[in-house]
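>>> pasted the sequence and its predicted model underneath.
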Amino acid sequence: MINRINNSVDNCLKWIETQMLSFNRGSVGVYERIRIDVNRRVCWTRPDCNTEIARVILKRGREDNQDIYENIINWVLSVQDNDPMSAWYGSVPFYLHNGELADFSGRARFQNDNGKVLIGLMDIYDINGDVRLKEAALKLADYWVRIQRDEGYYYQNDGGVTQGLYKGPCFIFWLAAGIARCYKETGDEKYLRSVEKAMKYLLSVQLDNGRFATTYELMRSEDWRPPSSENALAMFCLARILKYIPRDDWKKSFERVSEFVLSLCHKDGGVLNADADSLNASLQENPMICDLVYTEGFALMGFNEAYALTGDEKFKNAALKLADFLMNIQCKDESPLWDGAWRGTYNAEKKCWDGRANQNNNIDEGGMYSIYTGWCASTIMDGLLGVKAILEK
């Protein structure tokens, strides 16, 4: 299986290198995705997607693409708001268009995206000790700690730049996990207090059956994101938080949500969108869909982290089955434009690509016609490399 994982990751990195790099081997990052049905490559370059991909390239450790890693990291650091007089000092924007800040929507500060950048920078720092990344991560964390509200979520009313979906779990968990790592690194109590406030709020939206209420339920947004998503990432983030800040009540929350995610596992290994009790928690109402943009990679990373935290074989077994499922459905002989990648949604019952993410979402951010570099390919590859690490021990 280790050889299969290496080949799978290499094939996906080959796709990124041949089809999705910006000019001069990623000088302004990696492009976001392909939309098959409209014959378009979306030339957004996003700090979160790029940080995730840089982490994968570093973990894979191949000499022939280290220049791409360097280009990506240098670009991510360059787009961080480094002006101390700015209201958004330390944060990173949603996207640039082919490396250029093109419109107001690209300036947006998304809590989840920034949280993923924070985690990614610290993960890379843990691997290679690049102090620039730690400094950038702490500056990024400080922005969000600075604007965190007493209720626990991260938000400032600044005319729409900081996104208003702040009550959804996915907009809190990523930041809380990254800030917990900053506390472990520095011992600064402001980071601990931030995580404690975030967790107090998050525990208040965990339901009796262990799952967290969705952003759709709480704010009538992210309509297309299945319930599996915010709970898979909750499992990952809680495992990370507990790694740095052990708390019995938080561990109980982790155990409950991880059981919910495990209950969604199909016999072939994929994590399904929802169970019968959570079908109305978003507008993704087909329970047989596996969402590769919003769930599968996060779940695989989450199972790996859960196994590292607990040593419980059920998480290792779930990770092995999910890894096998994802490698089995990786695109092959479909088109040289996306072979090696994964499409956004797969029907576990029909065993084919199926489903959309266009529920009140006119740019269809996911689904069978979207092929993402970040979110989907990057998190799946990271999860696969995590499984490889488990097998090599």
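Everything's here; your move.

>>> ok, for Ile241, nearest residue in space, not its chain neighbours?
For Ile241, ignoring the flanking residues on the chain, the nearest one in space by CB to CB, 6 or more residues apart in numbering is Ala180 at 4.6 Å. Backbone N, C-alpha and C define where each C-beta goes, glycine included.

>>> so the one you found touches Glu196, yeah?
No. Applying CB atoms under 8 Å, one finds Ala180 not in contact with Glu196, separated by 10.0 Å.

>>> with just CA atoms, put the helix or strand of the chain with the lowest mean pLDDT into CSV.
Scoring the helices and strands of the chain by mean pLDDT, DSSP states H and E places helix 104-107 at the bottom, with a mean of 92. Only the C-alpha atoms of helix 104-107 are listed here, as CSV (Å, rounded to 0.1, in the frame of the first residue of the first chain):
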residue,chain,number,x,y,z
PHE,A,104,-13.5,43.2,-3.5
SER,A,105,-14.5,39.6,-3.0
GLY,A,106,-10.8,38.5,-3.3
ARG,A,107,-10.0,40.8,-0.4
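
>>> sorry, back to before: name the element the residue nearest to Ile241 belongs to?
Taking DSSP states H and E as the criterion, Ala180 maps to helix 170-186.

>>> just the buried residues of that helix, please?
Going by neighbour count (16 or more other CB atoms under 10 Å), the buried part of helix 170-186 is 170-183, 185.

>>> so is the nearest residue to Thr215 once chain neighbours are set aside in a helix, a strand, or just coil?
Distances taken as CB to CB, 6+ apart put Gly168 closest to Thr215, at 2.8 Å, once the chain neighbours are dropped. Secondary structure state of Gly168, per DSSP: H, G, I helix; E, B strand; the rest coil, is coil.

>>> am I right that Gly168 is in contact with Arg220?
No. In this structure Gly168 lies outside contact range of Arg220 using CB under 8 Å: 10.4 Å.

>>> which non-adjacent residue is nearest Ser27?
Spatial nearest neighbour of Ser27, excluding adjacent residues (CB to CB, 6+ apart): Asn71 at 5.4 Å.

>>> also Leu238?
Once flanking residues are discounted, Leu238 sits nearest to Phe254: 4.0 Å by CB to CB, 6+ apart.

>>> now for that neighbour, how many residues are close by?
Using other CB atoms under 10 Å, Phe254 has 25 neighbouring residues.

>>> please report how far it lies from Glu365.
To Glu365, Phe254 is 28 Å away according to CB to CB, to the nearest Å.

>>> likewise Tyr166?
The value you get for Tyr166 to Glu365, if CB to CB is used, is 19 Å.

>>> what do you get for Asp333?
26 Å.

>>> thinking again about what came up before, which element is the residue nearest to Leu238 on?
Element membership for Phe254, per DSSP H and E: helix 248-263.

>>> packing partners of that helix?
Secondary-structure packing of helix 248-263 (3 or more CB pairs under 8 Å, 6 or more residues apart in numbering; DSSP states H and E): helix 189-204, helix 227-244, helix 297-310, helix 313-329.

>>> possible to save the ones you listed as CSV with mean pLDDT, mean neighbour count and distance to Cys352?
Output for the helices and strands packed on helix 248-263, formatted as CSV (pLDDT from 0 to 100; neighbours: other CB atoms under 10 Å; distance: least, CB to CB, whole Å):
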stretch, mean pLDDT, mean neighbour count, distance to Cys352
helix 189-204, 98, 18, 36
helix 227-244, 98, 27, 19
helix 297-310, 98, 26, 20
helix 313-329, 98, 20, 9
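
>>> neighbours around Cys67, how many?
That one is not Cys; residue 67 is Asp. 13.

>>> what's the first helix or strand after the helix or strand hosting it?
Using DSSP H and E, Asp67 maps to helix 66-79. As assigned by DSSP H and E, the chain's next helix or strand after helix 66-79 is strand 96-97.

>>> list the buried residues in stretch 259-278.
Going by 16+ other CB under 10 Å, stretch 259-278 has these buried residues: 260-262, 264-266, 268-275, 278.

>>> can you show me the CA trace of that stretch as PDB?
Extracted as PDB, the C-alpha positions of stretch 259-278 are listed here (Å, rounded to 0.1, in the frame of the first residue of the first chain):
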ATOM      1  CA  GLU A 259     -18.300   8.300  16.500                       C
ATOM      2  CA  PHE A 260     -20.700  10.200  14.400                       C
ATOM      3  CA  VAL A 261     -18.100  10.500  11.500                       C
ATOM      4  CA  LEU A 262     -17.300   6.700  11.800                       C
ATOM      5  CA  SER A 263     -21.100   6.000  11.600                       C
ATOM      6  CA  LEU A 264     -21.100   7.700   8.100                       C
ATOM      7  CA  CYS A 265     -18.500   5.400   6.700                       C
ATOM      8  CA  HIS A 266     -19.700   3.300   3.700                       C
ATOM      9  CA  LYS A 267     -18.600  -0.300   3.500                       C
ATOM     10  CA  ASP A 268     -16.200   0.700   0.700                       C
ATOM     11  CA  GLY A 269     -14.500   3.200   3.000                       C
ATOM     12  CA  GLY A 270     -15.900   6.600   1.800                       C
ATOM     13  CA  VAL A 271     -17.500   8.900   4.300                       C
ATOM     14  CA  LEU A 272     -21.100   9.600   3.200                       C
ATOM     15  CA  ASN A 273     -22.800  13.100   3.300                       C
ATOM     16  CA  ALA A 274     -25.300  12.400   6.100                       C
ATOM     17  CA  ASP A 275     -27.400   9.900   8.000                       C
ATOM     18  CA  ALA A 276     -31.200   9.800   8.200                       C
ATOM     19  CA  ASP A 277     -31.200  12.200  11.100                       C
ATOM     20  CA  SER A 278     -29.000  14.900   9.500                       C
END
